[in-house]
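> Next comes the sequence, and after it the predicted model I'd like to discuss.
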Amino acid sequence: MMTKEWLRWLLVGLSALAGGCASPAGGLRRGPLPQEVTFWQPWLLNTARAPYKQLYVEVDAVRGAEPPQEWLDEMGAFLREQCDKPGGVRVVRGDLIAPEEAATSSVTSLALRYLNGPPPGSAYIYVLYYNSALNPQLKTTNPHAVVFPYPCAVVVDRNYNQAGFGDVLGGLILKHEVAHLLGAARDPSHGDGAHCGKRGCLMNPAFEYVPQERGMGVSLQMTFCEDCLRDMARWRAASAPGNLRFQGAYLARREAGYSVLTLPNAVHLHLGTEETLPTGVLWGAMKRAASGPLKGREGFILSSSATGSTASVRTALRLAAKDPVSMVRKSARLFSTQMDRQGLPP
């Protein structure tokens, strides 16, 4: 019998999938999003009425990179319009991160250390503003919505500023990114499943912004096309998957025999019942990892835990080995190998 909980951690090379998003020169992503990051339809937690009647948006920022209140107000109004949340939408400014700390930290480390998660009974979106110019190890990056493994986050580099583009159109950029988390442009009939193919739509991967001709602060794309509005209306009226829930800040997907918990650039596989999810232990360990191995460089954390008998864990591993997500399958293989090396029964 396996009477104690196993907990295993592995830090691997960065392989997260982020939505390539709007820029004046065109989006980073070309082609549809991988099926492994869309099959579970996590955006429905944000748009549908159930299981969460309210939506909580946490906005953290490095000091000096804070978004203007106007951008947040515009995002809040957009979310109230496009999400069926009778309990309301709360947009809350969270932590203000010291520039000295950001100067030696990876983006993943900042997110993992400072996100707090939603209050009980709320869906959740996390927004992080930072400035890559503070850290010589960071590259300037397009603002982007995270589509895997934590599809409820937006990351914005205030250093991404081409001739005023990043700041002048910051409100529109934020709406574009948040719309990814509401399922906009997921219908490939008018795009690639990530962005809209219509030139004048706010979900097009490229902003047509010509300040010399249009005037500062004006874009040719100010609104969403009818197709993207229909996308969001469709998800607003749909039902969220019954196996998706927030466990504190973790987005948890429950499957037969195992659970998958995610945070920014982190996937945890738990082999066992929902009642034995080690969320408290995981939370502390993840914070320590963000202040240790991940602090100065980007990375991807795979971790796993197990409760129950050897036989029940082996059964859960066989099920997890067929999970649609490759990172989960990899965790299952690693855990199985560990058990084999310890001479435990197959």
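Now that the structure is in, tell me what you want to look at.
> distance of Leu334 from Tyr130?
32 Å (Cβ to Cβ, to the nearest Å). All C-beta spots, glycine's among them, are computed from the backbone N, C-alpha and C.
> Looking at these two, which has the bigger crowd around it?
Looking at Leu334 and Tyr130 with other Cβ atoms under 10 Å, you find the greater number of neighbours at Tyr130, namely 26 against 17.
> For the nearest residue to Ala102 once chain neighbours are set aside, give me its contacts.
The shortest distance from Ala102 to any non-neighbouring residue, by Cβ to Cβ, 6 or more residues apart in numbering, is to Val62 (4.4 Å). The contact partners of Val62, taken as Cβ atoms under 8 Å, 6 or more residues apart in numbering, are Leu96, Ile97, Ala98, Pro99, Ala102, Leu110, Tyr129, Tyr130, Asn131, Leu134.
> per-residue confidence at Val62?
Val62 carries a pLDDT value of 98.
> try Gln162
61.
> all helices for the protein, in order.
When secondary structure is read from DSSP state H, the chain shows helices at 44-47, 69-82, 99-102, 107-114, 165-168, 170-180, 211-214, 226-236, 279-291, 310-320, 326-341.
> Tell me which of those is the most buried.
Highest mean neighbour count of the helices of the chain: helix 44-47, a mean of 25 (counted as mean count of other Cβ atoms under 10 Å).
> before we move on, the earlier item: looking at the contacts of Val62, which one is closest to Pro293?
Ranked by distance to Pro293 (Cβ to Cβ), the contacts of Val62 are led by Leu110 at 14.5 Å.
> Count the neighbours of Gly292 for me.
Neighbours of Gly292 under the rule other Cβ under 10 Å: 11.
> Might one say that His144 is in contact with Ala153?
No: the criterion here is Cβ atoms under 8 Å, and His144 misses it with Ala153 at 9.3 Å.
> And the pLDDT for the closest residue to Cys83 other than its chain neighbours?
Nearest non-adjacent residue to Cys83, counting by Cβ to Cβ, 6+ apart: Thr47, 5.1 Å away. What the model reports as pLDDT for Thr47 is 97.
> and the protein, what are its domains?
The chain breaks down into these domains under automatic domain parsing: 6-12+244-341, 17-236.
> Need the mean per-residue confidence for the first one.
Within the predicted structure, the mean pLDDT of domain 6-12+244-341 is 88.
> What's the local residue count around Lys85?
22.
> Per-residue pLDDT of it, please?
For Lys85, the model assigns a pLDDT of 98.
> thought it was touching Ala50?
No: between Lys85 and Ala50 there is no contact under Cβ under 8 Å: 10.4 Å.
> which residue sits closest to Cys58 in space, ignoring its chain neighbours?
Residue 58: Glu, not Cys. Gly94 (4.7 Å).
> ok, how many other residues are close to that neighbour?
When neighbours are counted by other Cβ under 10 Å, Gly94 registers 16.
> Can we start the residue count at 21 from this point?
Sure, I'll start numbering at 21, so the last one becomes Gly114.
> Isn't it up against Asp80?
Yes: using Cβ under 8 Å, Gly114 is in contact with Asp80, at 4.5 Å.
> okay, and the common contacts of those two?
Taking Cβ under 8 Å, 6+ apart as the contact rule, Gly114 and Asp80 both touch Tyr134, Leu135.
> Give me the number of neighbouring residues for Phe219.
For the record, residue 219 is Arg, not Phe. Arg219 is flanked by 11 other residues according to other Cβ under 10 Å.
> again with Arg317
For Arg317, the count of nearby residues is 14 (other Cβ under 10 Å).
> Pull the contacting residues for it.
By Cβ under 8 Å, 6+ apart, the residues touching Arg317 are Ser126, Gln157.
> rerun that using 6 Å as the cut-off
Taking Cβ atoms under 6 Å, 6 or more residues apart in numbering, we find Arg317 in contact with Ser126.
> Quickly list what the closest residue to Val166 other than its chain neighbours is bridged to.
Spatially, and ignoring its direct neighbours in sequence, Val166 is nearest to Ala173 (4.3 Å; Cβ to Cβ, 6+ apart). Beta-bridge pairing for Ala173 (DSSP bridges): Tyr146, Val166.
> Could you measure from Ala173 over to Pro284?
6 Å.
> again, but for Ala97
For Ala97 relative to Pro284 (Cβ to Cβ), the value is 26 Å.
> Which parts of the stretch 21-170 of the chain are strands?
Remark: strands assigned in the stretch 21-170 of the chain by DSSP state E, counting those that start in this stretch are 26-32, 37-38, 74-82, 108-117, 142-150, 164-168.
> which one of those has the lowest average pLDDT?
Note on those: strand 37-38 shows the lowest mean pLDDT, a mean of 34.
> Pull the distance from stretch 169-185 to the chain's centre.
The chain centroid and the centroid of stretch 169-185 are separated by 13 Å, computed with Cα atoms, centre = their mean, to the nearest Å.
> hmm, I was thinking of stretch 308-325
Averaged C-alpha coordinates place stretch 308-325 at 16 Å from its chain's average position (Cα atoms, centre = their mean).
> Next, count neighbours for the residue nearest to Gly328 when sequence neighbours are not counted.
Counting by Cβ to Cβ, 6+ apart, the nearest residue to Gly328 once its immediate chain neighbours are dropped is Gly292, at 5.2 Å. When neighbours are counted by other Cβ under 10 Å, Gly292 registers 20.
> mind checking how far Gly292 is from Arg274?
For Gly292, the distance to Arg274 - Cβ to Cβ - is 11 Å.
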